[in-house]
Structure formats: C-alpha cells, structure tokens
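*Asks:* Sequence and predicted structure below; questions after.
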Amino acid sequence: MAGAARLLRLDQSQLCHALGIAGASSPVLAIMKWQHMPGPAIMAKYNAWTGWTAQLATVAALAARRGFTGDTTILDGEFGYWNIVASPVFNVGNLLDGLGRDWHLDQVRYKLYPTCYIYHAGIQGICQLVREHRIDPAEITEIVVRGDRLMQTPNRMGVEVNTFADAQFFIRFNFALAVFHGDKPSPAWQLPETFNDPRIRALVPKVKLEEHPEFENYVRSAIGSGTVPILWSSIVEIAARGQRYTVEVPAPRQQGVSGQPRGSGRQVPHQRLVLADQDAEGRSGHRPDPEPREAGRCHRDVRPAGSLSAAGGDGRRRPAFATRHLPRNCGLRFSLKARMPSWRSAVGTMRL
C-alpha cells in the first residue's frame, strides 16, 4: 500500500483514504478453515495471495487518487482493523517505528524445501540422522517427529498423495520422502514419479507425530515476549537396527534474498529470526535514506528492518486461544484501543 502511494505521489489525505479502502477490502483469514479441512489438499491456502493483495493495494491507491473515500480510522479504536482480523492486541509501534527509514523487502526468505515451513526442522533432522549414522531406509522401523501442535491439524494428516498440493502439505509423506531425497530438494518432490514411489509409500505408515515436550512453555513464553507463538524447532527420532537415534533441530535453515543461508542450526532465543546484519534486538544499521526519483531505483535502495511480528503489550492477559490461532503471517498484533496515538499524524511526515 505504502509503495503504491509513494509511486503515485499521493498526499496525506489521499494516503489515509487509500489505507481505509485497502483495509476494508482485505481478504478474510481463510487459513482457519483451511487448516481444519481433512482430505485432499486445496490450492487456495490463505485467501490472501500475494498477487491479489498487491492488486488490492494498487487499486486502493488509484481509487483514492481519483477521489474515492475510505475509512481513515480503519486502524483506530476498539473496533479497528486489529479487531476485524481477530487479533487480541495492537501495538502501534509495529506500524510507526522506523517508518520511512527501515525497509523489509530484503528480508524475503526462500524455502529450502518445497513444503510447509513448519516441516523444515523435521526434514533437516531426518536428513542429519540418516547421513551421520548411515541408516539404510530399509532398516527404519519408526520415525517420530515432535514439534508444534500445528503439525497435526487435519489438513496435514492425509496419507494418500495424489496431487502436488497433497505433496506440499501431507506431513507424513514429506518426512518419509526426506529419508530418500531430503538432501536434494527440488520440484521433483511433487511429481507423480516421486509420490507414487513404493519405497516412500511403504515408509509413510512408520512416521509418527507428537507434540514437542516444551511446546506449551514455548507458546506462553512467546506470547509474553511478543514473538510469533509457533515452535519451529523439532525433535527427530529414528528407530533402526534395534537402536534409536535422536537429534533436535532448534531453528530450520532459510535462504535470504542474497542467496546466502540464514540461520545455522544454533538455538535462537524465542525463535527470533535475527539476520546477520542485525543486533540482538533485531535493529539494523542503515546508511542515510535516499530519495528515490523513479521506480527502478526503489529495489536497489531497500534495506532490512526489524521484525514486524512483535506484539506490544499493555500487560493485560488475553484469551490464549485468540493469540494462539492467529496465522503466522498476520503482521498486525496490537495492544492499545482508545489510547493509541493517531497513526494518521505520522502519515504526512513519513518518507517512503
């Protein structure tokens, strides 16, 4: 939204209306229904696809420039956007801190495996055990992966893989596949030749999922510290040759836009994803911000910024279920209601 407004050179009033138009038109949180759907996987995961979201932002900015009005208080008060999307809290600092100075495009990450990200630590652990102990797949009698409770939602529990969407989300299939191909991630993981492989199919029933023993403690700690309450780490145990081999992968690897790996398997406090050029608080060093004169320069001038996932707090307890079930890509987690300083006052001075 801000990028479209900048390129169209909207004034303060137009930008406020554009934000109101976009906020009132944003997609619903269909992920809540999606993750409770058993059976074949579908291709509409969030109902907030990047392309549609970008299109909405562009249309909202164009409409505001032509005089179309929107709710300029869309973020404010007891019934603001944070409540519309069922967030229990709102922290205006997530929106205003570093506005016009800190940029986030450079924090785009690329998955190293063509699966749901919550599976990645388990896949890495399986690969590590098979490699280090030279385990023959035929010797495996059981694979146990302990992780976040979300790993066991109905939409992930299918075992009959018939489409590429099934291959992306059926978790036991992915852990069985990792035994054979985990060190070689590629689009071939989702081909019929792969998901019909009789060796993989035979291993799927041997995969068992359990909740991580520290799951509840982690969720409470994450909510209290303002991090996303999803446990990305996993404990993997493989039974083979009459022995049990175990490893814990605390933070799955990820790939930054520069092509360099992010994370090294070290324990990261509260699972914060701290980039190499950030300090422990997630702050980045920046050179003076440029004044881009053309769209072609914008991408070259962006730089990383701190996490937007932190939840501010007024110290009050919130319903645990409301926080727990927020989608992990929901950037708005707020805490202020009527005491919030107006975000509109900052719009006129921000430099995008």
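*Replies:* Received it, and whenever you're ready, just let me know what you need. The model shown is predicted, which means the values in this text are computed figures rather than measured ones.
*Asks:* shaky segments in this protein?
*Replies:* 46-49, 226, 253-352 (pLDDT under 70).
*Asks:* Look through it and report the residue furthest from the middle.
*Replies:* For the chain, the largest distance from the centre (C-alpha atoms, centre = their mean) belongs to residue 242, which lies 38.2 Å off.
*Asks:* got the contact list for that residue?
*Replies:* Residue 242 makes no contacts at all, as judged by C-beta atoms under 8 Å, 6 or more residues apart in numbering. The way it works is simple: take the backbone N, C-alpha and C, and place the C-beta from them, glycine included.
*Asks:* Now it. Its backbone dihedrals?
*Replies:* With angles defined as degrees, to the nearest 10, residue 242 sits at phi 80, psi 10.
*Asks:* Then the one 5 residues further on?
*Replies:* Geometry field for residue 247 lists phi and psi as phi -150, psi 150, criterion degrees, to the nearest 10.
*Asks:* what's it in contact with, if anything?
*Replies:* Here residue 247 is in contact with 125, 128-129, 235-236 (C-beta under 8 Å, 6+ apart).
*Asks:* again, only using 7 Å
*Replies:* Applying C-beta atoms under 7 Å, 6 or more residues apart in numbering to residue 247 gives the contacts 125, 128-129, 236.
*Asks:* quick one: residue 143 is in a strand?
*Replies:* Yes - assessed by DSSP: H, G, I helix; E, B strand; the rest coil, residue 143 belongs to a strand.
*Asks:* How many neighbouring residues does the residue lying closest to it once chain neighbours are set aside have?
*Replies:* Spatial nearest neighbour of residue 143, chain neighbours left out: residue 207 (4.8 Å); criterion: C-beta to C-beta, 6 or more residues apart in numbering. Neighbours of residue 207 under the rule other C-beta atoms under 10 Å: 22.
*Asks:* Now residue 207, what are its backbone angles?
*Replies:* Dihedral angles of residue 207 (phi, psi; degrees, to the nearest 10) stand at phi -90, psi 130.
*Asks:* Could I get the full set of strands for the stretch 1-150 of the chain?
*Replies:* With DSSP state E, counting those that start in this stretch as the criterion, the stretch 1-150 of the chain has strands at 109-110, 140-147.
*Asks:* quick one: which of those strands is nearest residue 16?
*Replies:* Checking these against residue 16 by C-beta to C-beta gives strand 109-110 as the closest, at 31.5 Å.
*Asks:* which helices and strands sit right next to that closest one?
*Replies:* On a contact count with 3 or more C-beta pairs under 7 Å, 6 or more residues apart in numbering; DSSP states H and E, strand 109-110 meets strand 254-256.
*Asks:* give me the number of residues near residue 119?
*Replies:* Using other C-beta under 10 Å, residue 119 has 24 other residues around it.
*Asks:* In this structure it contacts residue 170, no?
*Replies:* No - using C-beta atoms under 7 Å as the test, residue 119 is too far from residue 170 to be in contact (10.0 Å).
*Asks:* And for residue 125, nearest residue in space, chain neighbours not counted?
*Replies:* residue 236 (3.1 Å).
*Asks:* just checking, that neighbour touches residue 132?
*Replies:* No - at 11.7 Å, residue 236 and residue 132 do not qualify as touching, with contact defined as C-beta under 7 Å.
*Asks:* Tell me which of these two has more neighbours.
*Replies:* For the pair residue 236 and residue 132, the greater number of neighbours falls to residue 236 (25 against 10), based on other C-beta under 10 Å.
*Asks:* before we move on, what SS does the more buried one have?
*Replies:* strand.
*Asks:* which strands and helices sit next to the longest helix seen in the chain?
*Replies:* The residue-count maximum for a helix in the chain (DSSP state H) belongs to helix 50-65. Other helices and strands packing on helix 50-65, by 3+ C-beta pairs under 7 Å, 6+ apart, are helix 2-7, helix 12-25.
*Asks:* hmm, which two among the contacts of residue 247 are most spread apart?
*Replies:* Largest separation among those by C-beta to C-beta: 128 and 236, giving 7.8 Å.
*Asks:* For the nearest residue to residue 136 once chain neighbours are set aside, name its beta-bridge partners.
*Replies:* Spatial nearest neighbour of residue 136, chain neighbours left out: residue 240 (7.7 Å); criterion: C-beta to C-beta, 6+ apart. Assessed by DSSP bridges, residue 240 has beta-bridge partners residue 140, residue 243.
*Asks:* Kindly report the same for residue 110.
*Replies:* Under the criterion DSSP bridges, residue 110 forms beta bridges with residue 255.
*Asks:* one step back: need the winner for burial among the helices and strands packed on helix 50-65.
*Replies:* Counting by mean count of other C-beta atoms under 10 Å, helix 12-25 has the highest mean neighbour count of these, with a mean of 21.
*Asks:* follow-up on the earlier one: of the helices and strands packed on helix 50-65, which approaches residue 139 most closely?
*Replies:* With C-beta to C-beta as the measure, helix 2-7 is the member of the helices and strands packed on helix 50-65 nearest residue 139 (53.3 Å).
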